[in-house]
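Asks: please find the sequence and the predicted model below.
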Amino acid sequence: MSDGYPQAPSVGLPGRVSIQAPGNPHDEQSSAHPHHPKLQHHFDDMGQQAEASTLGMWVFLVTEIMFFGGLFLAYLVYRTQNPMAFQEASAHLSWKLGAFNTAVLIFSSLTMALAVRSAQTSESRGTQVFWLVTTMILGATFLGVKVIEYSEKFAHNNVPGPNFVWDGQYPAGAEIFYSLYFCMTGLHALHMVIGLGIMTVIAIMAWRRQFNTEYFTPVEITGLYWHFVDIVWIFLFPLLYLIGRHYGGH
Amino acid sequence: MSGHHVSHHVAPKSLYYLIFALLMIGTAVTVIVAYFDLGAFNNVVMLTIACTKALLVVLYFMHVRWGTRLTWVVAASGFVWLLIMFGFTLSDYLTRGWVGGTLR
Amino acid sequence: MDTLNYINNGHGLASWLLTKDHKRIALLYLVSITFFFFLGGLFAFMIRLELLTPAGDVLTAENYNKMFTMHGVVMVFFFLIPSIPAVLGNFLIPIMIGAKDLAFPRLNLISWYIYVLGGIFTLVAALSGGVDTGWTFYTPYSTAAANSHVITAALGVFITGFSSILTGLNFIVTIHRMRAPGLTWFRLPLFVWAHYATSLVMILGTPVIAITVLLVAAERVLHMGIFDPALGGDPVLFQHLFWFYSHPAVYIMILPAMGVISEIVQAFARKNVFGYSFIAFSSLAIAIIGFLVWGHHIFVAGQSVYAGMLFSIISYIVAVPSAIKVFNWTATIYRGSISLDSPMLYAFGFLGLFTIGGLTGLFLAAMGLDIHMHDTYFVVAHFHYIMVGGAIMGYLGGLHYWWPKITGKLYSEPAAKLAAGLVFIGFNLTFFPQFLVGYLGMPRRYHMYPPEFQVFNVMSTLGATILSVGYLLPMFYFVHSIFRGKPSPADPWGAKGLEWEVPSPPPTENFAVTPIVTHGTHQYAPSKEVGVV
C-alpha cells in the first residue's frame, strides 16, 4: 500500500459502513502471510488472486463456447437442410488423419494436465518444461497434419469459392459443408497457434523457476485454455469426418 | 472476503492416465460405430460419446470435479446457453414445414 | 497543495495512456465515447436535414444510406454499448464494492485500446466512403451486392466486441471476487447488480456477433458460401445469429441505465429503494429472458410462424421485469423527500420515456401488428425511446450525479437543469411524431417520402435541433466546472453508498484500508425499515 495517500475519512455513517482503522485482518501489511512477490497490489492475498484468475479464464471459455457455438449452429442448420450433401462431402475427408489428430490432441491434453500437476507439486523446472514442450510438440504435430489435409483440398479444388469443383451429386451442399469445414477447423487451428504462443511464454517462465505450489496460476489457466481447444476438436472430429463413413468413403 | 483458498487438489497421475485411456477408447468406438448405418442413431451415439469425452476432460483435466460451485455454474452456463441458441433457432427451422408454417 | 488523488497522482500523457487505474481508464473511455457520440450525432443531423423536405435534395440515396448506417454503427457499437458500463461502471464498481481496482486492471486498459482500434477501423470506413448496408449488415446484400467498405466497418465492430467482452469478464470476476468483507450480494448497490446482469449479456452474446461478422467477411472476401442463397446458404440464419446478440445488446444498453436510475431515485427521494430484491432479480431476469426473444426481429423475414408465436409470447414476458422496475422506482419516489436536482430530472425523464418505449415495444411484439409496423418509423421511434429516452437519459443522469465525484468539481446547476429540460423537450419533439408517421406507413431508410408526411418530419428535425443544443450544453458547463467549478465535498448530494464516503476525487487506490461493511450500503431510512425484502 503506497504511502502518501490520504486516509479515507472515517465515514459519516456511524454504525452502518465502517472503514476501520489499520489492524484489520485484511490489511496486507498486518497480514500473517508474508507479501508474495507475485501478489498484485489490488488483491488481499494469493488465494484471492488465484481464484480471480481461474474464474476469469472460465468466463473467457464461456465466451469461447459461444464463439464456436455460432459455427456449430450453422453446421446444425445446414446439415438439417442438406443431410445427403453433408454425408457425401464428409466422406471425402480422410478419417485416418482426423483420427490420428484426435489421438494427438487427446495425448497433448494429458501432457498438459501433467504439466499443470508438475507445477502444482513444485517439481523440478526440468519436469515442468518437459511436459510443456511435449504438449507443444504434439500441438505442432496436429497443425502439421492439418497443413497436409488443407493442401490436399487445395490441390483438388475442394476449397469453397469461385474455383470450387465438386464431382459428386450435391455440389451446392458440399460447398456449404466445406465452407464450414474450413471455418471451423481454421478457427480451431488459430486457437492452437495462439495456445502454442502462450505456452512458449509459460515454458520460459517455468524454466526461470517461477512456478511452484504457491504460484502456478499461469500454467493452470493455460491448461484450461488448451483443454477447451481439445474439447472443440472432440466434437469437430465426428461431426466433420465421420458422418459419411457408412455412406462410403476412402 | 475470507476463505480465499484455491482448492489445491492434486490428482494422482494414475487418474490422468485412466482418463486418457477412456478418451482414446471413446475415440475408437466413435470411429467403429461410424461404419455402421444406424440411421439417425449414428448421431445419437456419436454425440453421446463426444459429450462424455468432453465431460471427462472438463471434470478431471480441467479440475471442475474439485472446483467451487461457482466454477460448476460458469462451466455449465456456457453449454446451457449454447443449447438455448440451438433450441430456439431450430424452433424456426424445424417448424417451417408445418401447416401454414411461414407467412409467405 | 491539493491532497493527492487519482487525477493529480501522476502527470503527462504516458501516465494516462499507460495507466492501470480503473478511474483513469474510465476517463479515457469518457473522452473517446464522447467523441463517437458527437460523430454519431453528426450523422443523425445529416439524416434529419435530408428529411426536412420530401424530395431527396440534400443527399443522394446512396449517401443517405451511408449516413443512417454510420449513425447506427457508431451509436450502437461505439457509444451506447460502452457508455455506462465502460465509463460509470468502470469508475464506480470497484469503489462501490470496496475494492482498490477491478480484478484485471491491465485487461481493463487493453480493452480500452481494443475499443480505440475498433473505432479507428470504423472511422477509416467512414472517411474512405462509408458503408450502406444498415448497421445490421444483412446478407446477402452485405456479402454479395454492397459496393461500400463493409469489411472495414465489420472488422471495427468485430474488434470493439472484444473490448465489450473483456469489460464484462472483468466486471463479473470483480463482483464475485473483490467485494469488501461483509459486503454480501444483498448489500450491493443496485447499480452493481445491473452491471452484473449486463456483463452476463456481454459475455454470452458478444461472441456470437463476433463469429457472425467473421462469417460475413469470409463470404464477402473469400466467396465461401455461408449465407448467400446463390451459394446454397440461408440469409435467415444470419438474422438469427445477428439478433441472438443484437437483441440482448439492447439490454446491454438499458440495464446499466436502470442501475443508474435505481441509485438516483433513492438519493433524491431520500428513501430506500422499494423492493430491493425485486429490482436486483429483475435485472437478472431481463438479462436471461432477453436472450429468448430475438426472433421478434424476423417475424416477416420468412421465419416459421410457430417460432414467431414463441418469440412473441416471450417478448411479452420480458416486459414484466421491466415493469417491476418502473413500478418500484415510482413507489420509491412516492412520499419521498424529493429534491429536483438535475440528475433527478433525467431520472424522471427516463421513467416516462422508457415507459413509452417499453409499451410501444409490446405493439411490435404482436405478430399481426408487426406486419403493418415492420420497417416503419414506428419501429425507429420505439427503439429511440428505449435507447435515447432510456439509455442516454440514464447515462446523462448518471454523469450529472457522479460528476462531482469523478472530477471533484461542482457544475452549474441552473445550466444543467436547462440542458435536462431541452433534452426532454427536444427528444419528444423529435421522436413522438415518428410514432405517428410510422403508424401512417412511412417506411424507414428512404431519403424521400410523400409530401403528406412532411409536417411530422419538420417537427422531428426541429426537435433534433433542440436536442443537439441540449446535448452540447453539458459539454460547456462540464468543461467549465473542471477549470472554474467549486470543489465538491465527498458527498455533495447527501447520498449514501461507499463511493460517497471516499474523497472527491477519490485517491488512487480508493480506500486507504479495505472497508468492512456491516449493513446495506444504501440506508436512507432507519435500519429497522430496511433489509432484504
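Replies: Done, it's in. Please read all numbers here as calculations on a predicted model, not as lab measurements. Numbering: from 1, shown residues only, chains lettered A, B, ... in the order given.
Asks: C:Pro229 contacts C:Thr143, doesn't it?
Replies: No. Counting by CB atoms under 8 Å, C:Thr143 is not a contact partner of C:Pro229; they are 10.9 Å apart. Bear in mind the C-beta positions are built from the backbone N, C-alpha and C, glycine included.
Asks: when these two are compared, which one has more neighbours?
Replies: Applying other CB atoms under 10 Å in any protein chain shown to C:Pro229 and C:Thr143 shows that C:Thr143 carries more neighbours, namely 30 against 14.
Asks: and the helices in chain B, which stretches?
Replies: For chain B, applying DSSP state H gives helices covering B:13-34, B:41-56, B:69-93.
Asks: ditto for the stretch 251-400 of chain C
Replies: Applying DSSP state H, counting those that start in this stretch to the stretch 251-400 of chain C gives helices spanning C:276-289, C:305-333, C:342-365, C:367-373, C:377-386, C:393-407.
Asks: tell me the angle the longest one makes with helix C:276-289.
Replies: The one in question is helix C:305-333. 160 degrees (axes from the mean of the first three to the mean of the last three CA atoms, to 10 degrees).
Asks: tell me which other helices or strands helix C:305-333 touches.
Replies: Here helix C:305-333 touches helix B:69-93, helix C:235-269, helix C:276-289, helix C:342-365, helix C:367-373, going by 3 or more CB pairs under 8 Å, 6 or more residues apart in numbering or on different chains; DSSP states H and E.
Asks: just the CA trace of the shortest one, in PDB.
Replies: Meaning helix C:367-373. Extracted C-alpha coordinates of helix C:367-373, given in PDB (Å, rounded to 0.1, in the frame of the first residue of the first chain):
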ATOM      1  CA  MET C 367     -47.100 -10.600 -34.700                       C
ATOM      2  CA  GLY C 368     -50.100  -9.400 -36.500                       C
ATOM      3  CA  LEU C 369     -49.500  -5.700 -35.800                       C
ATOM      4  CA  ASP C 370     -45.800  -6.100 -36.600                       C
ATOM      5  CA  ILE C 371     -46.700  -7.000 -40.200                       C
ATOM      6  CA  HIS C 372     -48.100  -3.500 -40.500                       C
ATOM      7  CA  MET C 373     -45.400  -1.700 -38.400                       C
END
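Asks: how far off centre is it?
Replies: 27 Å (CA atoms, centre = their mean, to the nearest Å).
Asks: could I get the pLDDT score of A:Asn158?
Replies: A:Asn158 is assigned a predicted lDDT (pLDDT) of 89.
Asks: isn't there a helix covering it?
Replies: No. Counting by DSSP: H, G, I helix; E, B strand; the rest coil, A:Asn158 falls outside a helix, being coil.
Asks: dump the residue contacts of it.
Replies: A:His92, A:Phe164, A:Val165, A:Trp166, A:Tyr178 (CB atoms under 8 Å, 6 or more residues apart in numbering or on different chains).
Asks: can you list the residues you listed in JSON lines and add pLDDT?
Replies: Below are the contacts of A:Asn158 laid out as JSON lines (pLDDT from 0 to 100):
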{"residue": "A:His92", "pLDDT": "92"}
{"residue": "A:Phe164", "pLDDT": "90"}
{"residue": "A:Val165", "pLDDT": "90"}
{"residue": "A:Trp166", "pLDDT": "90"}
{"residue": "A:Tyr178", "pLDDT": "95"}
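Asks: just give me the closest of those residues to chain B.
Replies: A:His92 (14.6 Å; CB to the nearest CB).
Asks: count of residues packed around that closest one?
Replies: 19.
Asks: which residue packs closest to C:His297, ignoring adjacent ones?
Replies: C:Trp243 (4.6 Å; CB to CB, 6 or more residues apart in numbering or on different chains).
Asks: dump the residue contacts of the one you found.
Replies: By CB under 8 Å, 6+ apart, the neighbours of C:Trp243 are C:Trp294, C:Gly295, C:His297, C:Ile298.
Asks: reformat those as CSV; add distance to C:Gly438, neighbour count and pLDDT.
Replies: Listed next are the contacts of C:Trp243 as CSV, based on distance: CB to CB, whole Å; neighbours: other CB atoms under 10 Å in any protein chain shown; pLDDT from 0 to 100:
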residue, distance to C:Gly438, neighbour count, pLDDT
C:Trp294, 22, 25, 96
C:Gly295, 21, 27, 95
C:His297, 16, 21, 95
C:Ile298, 19, 19, 94
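Asks: and which of the residues you listed is nearest A:Val133?
Replies: Nearest to A:Val133 out of the contacts of C:Trp243 is C:Trp294 (CB to CB; 45.6 Å).
Asks: doesn't C:Ala249 make contact with that closest one?
Replies: No. With contact defined as CB under 8 Å, C:Trp294 does not reach C:Ala249; the gap is 10.1 Å.
Asks: could you report the neighbour count for residue 63?
Replies: Using chain A. Neighbours of A:Thr63 using other CB under 10 Å come to 24.
Asks: actually, chain B is the one I wanted.
Replies: 23.
Asks: equivalent analysis for C:Ile226, please.
Replies: So C:Ile226, with other CB under 10 Å, has 31 neighbours.
Asks: thought it was touching C:Leu214?
Replies: No. Using CB under 8 Å, C:Ile226 makes no contact with C:Leu214, being 10.0 Å away.
Asks: tell me which parts of chain C are close to chain B?
Replies: C:176-177, C:179-181, C:204, C:208, C:236-237, C:240, C:244, C:291-292, C:294-295, C:299-300, C:302-307, C:310-311, C:371 (CB under 8 Å from any CB of the partner chain).
Asks: which among these count as buried?
Replies: When neighbours are counted using 16 or more other CB atoms under 10 Å in any protein chain shown, the residues of chain C next to chain B contain these buried positions: C:176-177, C:179-181, C:204, C:208, C:236-237, C:240, C:244, C:291-292, C:294-295, C:299, C:302-307, C:310-311.
Asks: hmm, back to that, so for C:Ile226 and C:Leu214, which residues contact both of them?
Replies: Overlap of the contact sets of C:Ile226 and C:Leu214 (by CB under 8 Å, 6+ apart) consists of A:Cys183.
Asks: need the strands for the chain, in chain order.
Replies: As the question left the chain open, I've gone with chain A. A:17-18 (DSSP state E).
Asks: chain C was what I was after
Replies: C:409-410, C:486-487, C:516-517.
Asks: for the ones you listed, which one sits closest to C:Asn90?
Replies: Using CB to CB as the measure, strand C:409-410 is the one of the strands of chain C that comes nearest C:Asn90, at 19.6 Å.
Asks: helices and strands around the closest one, which ones?
Replies: For strand C:409-410, the elements it packs on are helix C:454-484, strand C:486-487, judged by 3+ CB pairs under 8 Å, 6+ apart.
Asks: what strands flank the shortest one, and is each parallel or antiparallel?
Replies: In other words, strand C:486-487. strand C:409-410 (antiparallel) (DSSP bridges).
Asks: the partner strand - what's its average pLDDT?
Replies: Strand C:409-410 comes out at a mean pLDDT of 96.
Asks: then stretch B:87-94?
Replies: On average, stretch B:87-94 scores 94.
Asks: CA-only coordinates of that stretch in CSV, if you can.
Replies: Taking Å, rounded to 0.1, in the frame of the first residue of the first chain, the C-alpha atoms of stretch B:87-94 are listed here in CSV:
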residue,chain,number,x,y,z
GLY,B,87,-33.1,-24.8,-29.5
PHE,B,88,-34.7,-21.5,-30.3
THR,B,89,-33.2,-21.3,-33.7
LEU,B,90,-34.3,-24.8,-34.5
SER,B,91,-37.8,-23.9,-33.3
ASP,B,92,-37.8,-21.9,-36.5
TYR,B,93,-36.2,-24.3,-38.9
LEU,B,94,-38.0,-27.5,-37.7
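Asks: briefly note if it comes near chain C.
Replies: Yes. With CB under 8 Å from any CB as the measure, stretch B:87-94 is seen reaching chain C through B:Phe88, B:Thr89, B:Ser91, B:Asp92, B:Tyr93, B:Leu94.
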